[in-house]
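Q: what's the 3D shape of this:
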Amino acid sequence: MEQMELSQFDTLETKIEKLLRQCASLKKEKSELVNLLEAKDKEIKELHREIEGLKEQRGIIGARVDTLLSKLEEIG
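A: Prediction:
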């Protein structure tokens, strides 16, 4: 009877150790994913700033083109 109880404890111990390893692995994976998410969020913010800068440049260029076209119309 004692042998059977010890065997059950061994089985329980093995399962608990496996769960602890899985838990540690999942914590590590979560940490890596959080870091990746933060990096991607930073990249997205930088791209949004770049897009806004390009929109501003496009507006300035459009205004200059309009000015040049107006000058050409005055000449022609």
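
Q: What's the per-residue pLDDT of Glu17 here?
A: Looking at Glu17, its pLDDT reads 98.

Q: For the protein, which segments are assigned as helices?
A: 2-75 (DSSP state H).

Q: what stretches of it score poorly on pLDDT?
A: By pLDDT under 70, the low-scoring segments of the chain are 1.

Q: Apply 90 and report the result again.
A: 1-6, 76 (pLDDT under 90).

Q: For stretch 3-23, C-alpha coordinates in CSV please.
A: C-alpha atoms of stretch 3-23 as CSV (Å, rounded to 0.1, in the frame of the first residue of the first chain):
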residue,chain,number,x,y,z
GLN,A,3,4.5,1.7,-2.5
MET,A,4,1.3,2.7,-4.3
GLU,A,5,1.0,5.9,-2.4
LEU,A,6,4.7,6.8,-3.1
SER,A,7,4.1,6.1,-6.8
GLN,A,8,1.1,8.4,-6.8
PHE,A,9,3.2,11.1,-5.1
ASP,A,10,5.9,10.6,-7.7
THR,A,11,3.3,10.9,-10.5
LEU,A,12,1.9,14.0,-8.8
GLU,A,13,5.4,15.5,-8.4
THR,A,14,6.2,14.8,-12.0
LYS,A,15,3.0,16.5,-13.2
ILE,A,16,3.6,19.5,-11.0
GLU,A,17,7.2,19.9,-12.2
LYS,A,18,5.9,19.8,-15.8
LEU,A,19,3.3,22.4,-15.1
LEU,A,20,5.9,24.6,-13.5
ARG,A,21,8.2,24.3,-16.5
GLN,A,22,5.3,25.2,-18.8
CYS,A,23,4.4,28.1,-16.6
